[in-house]
Structure formats: structure tokens, C-alpha cells
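Colleague: return a 3D structure for these sequence lines:
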Amino acid sequence: MTMRDMVKTARTVVDYGSGPFSFMKSDWRKDREMAELARLVALPSGGRAEEYFDHYLSGAGTSKTFSAVQLIEENAGIHEQFSLAIQALFYANNLHIGQTGIVSIRQKDVTNYDWRMAIGSFPLAWRYRGSNTLGDGNLELIFTVEGSNEYKWDPDDADRETQLLHQAMDRLRQPKTNALDFLQYKTPARNFWMYATPGEYRLRINPGKR
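Modeller: Down below sits the predicted model:
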């Protein structure tokens, strides 16, 4: 069973699992049940992804921060993409002190699962500060790295296998309830900004490699 099939099955359970009384459930209640299924199945308990997921549902809207250096160091895929982008500039003699740029990290590049489910794709901004020559003849390139992106759910990407979940999560920003929901606390979900705080990142390269 593909991920798309599993999400469709989950949606069917949410919509019709209550049998003949399923029509009494509001759209808000169905979407909340979809969200809780996603938490149970896909999110590591107590991790960053669950924290951000709950923060979105809480409607607080306040920003979340984490270390840009920690993000790179805990994700081999991000380090690899950053390294490839920088080396392309370095070997083309197109890297100079003070230069800035952005490496667009795709969700599939985030190899740590908890990080991937927390931040999705993420743009990393860098500024080149210089280099050190190491004892083995290699170079250590020094950067300041940081970034920011909005935590949100995209309901419009039809190619996404989890589109039905994204649609449910996005709808929770404008919950549609009915009279049976009067005892439930229904704060609308809310997007928020994630900030990767600046830090020094050092990248080791072989200056003779082409």
C-alpha cells in the first residue's frame, strides 16, 4: 500500500468510521481526527516535529527558533547539499569573502526524520567569511549560516501523496463546526515562522579537487 493509499484510507475512516451517525460529525471534528491519526502514525513522540505540530494546532502563532548549525550537523543530507553548492562556487573561482547566497534544502534532503517532519523544506542563507589552511593541505571554509521559513500546510499540491492530510490541516485554520461541537475548544490553527539562528559553520574541502 502506498502512502497515498494509506492517507486515503485514514480519511475514509475519519469520514465514515462512526457508522450511521458519521453525518453528525462536523468538518472540524473530522479534520481534527485526521490530525490525531497523523500524530499517532507519523510523528515521533516528544520530538521537535510533534512540538511544532501541536504549536500549529494551538493557534499561538509565535515563532520557533533553533540553531542553523545544529540543523546542518544533525542532517547528513543537508550537509551534503550545502557542501555541493559551495564547492561548485569554489572550484569555479566564484567564492569571495563577504559573498552571500542561499542553499534551498528540499524536504527529502533532510535525513533526520524528526527534523524532516518538523521543518519540511528550508532555505539556508550563508555568508562567506574566509578560510584556514589545515595541516594536511586541505582548506577549512568559514561561513555564517542562518535561515527562516513559515510553518504551513500546502493544500494545493495534487502530486503530494499526503495531500488529503495537508488539506485537513490547512482547513483547521478556519474550523467549520456544528451545534454538537459546543463543548469543544476550537481555537483555529495558525501558521508560524521558524528561525534558524545564525552560527559559524566550517566546511572542509580539498582545494586541488576538480
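
Colleague: mind listing the helices for the protein?
Modeller: Read by DSSP state H, the chain holds these helices, from start to end of the chain: 3-16, 27-42, 48-58, 68-73, 76-91, 113-119, 163-171.

Colleague: distance from the shortest one to the middle of the chain?
Modeller: So that's helix 68-73. Computed by CA atoms, centre = their mean, to the nearest Å, the chain-centroid distance of helix 68-73 equals 14 Å.

Colleague: give the buried residues for that helix.
Modeller: Under the neighbour-count criterion of 16 or more other CB atoms under 10 Å, helix 68-73 has A68, V69, L71, I72 buried. Any C-beta I mention is one placed from the backbone N, CA and C, and that applies to glycine too.

Colleague: for P155, which of the helices of the chain is the nearest?
Modeller: Each of those has some distance to P155 by CB to CB; the shortest is helix 163-171, at 4.2 Å.

Colleague: quick one, grab the pLDDT at the residue nearest the centre of the chain.
Modeller: Within the chain, the residue whose C-alpha comes closest to the C-alpha centroid is I119; the distance, by CA atoms, centre = their mean, is 1.7 Å. Here the pLDDT value assigned to I119 is 97.

Colleague: before we move on, what about the one 3 residues further on?
Modeller: Per-residue pLDDT puts F122 at 97.

Colleague: for the chain, give me the ranges with low pLDDT.
Modeller: Residues of the chain that meet the criterion pLDDT under 70 lie in 1, 3-8, 10-24, 179-185, 209-210.

Colleague: and A38, how far from W153?
Modeller: Taking CB to CB, to the nearest Å as the criterion, A38 is separated from W153 by 11 Å.

Colleague: would you mark the buried spots in stretch 125-145?
Modeller: Those buried within stretch 125-145 under the rule 16+ other CB under 10 Å are A125, W126, Y128, S131, L139, L141, I142, F143, T144, V145.

Colleague: just send the residues you listed back as JSON lines, with distance to K25 too.
Modeller: As requested, the buried residues of stretch 125-145 are arranged in JSON lines below (distance: CB to CB, whole Å):
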{"residue": "A125", "distance to K25": "44"}
{"residue": "W126", "distance to K25": "48"}
{"residue": "Y128", "distance to K25": "55"}
{"residue": "S131", "distance to K25": "61"}
{"residue": "L139", "distance to K25": "61"}
{"residue": "L141", "distance to K25": "56"}
{"residue": "I142", "distance to K25": "56"}
{"residue": "F143", "distance to K25": "51"}
{"residue": "T144", "distance to K25": "50"}
{"residue": "V145", "distance to K25": "46"}
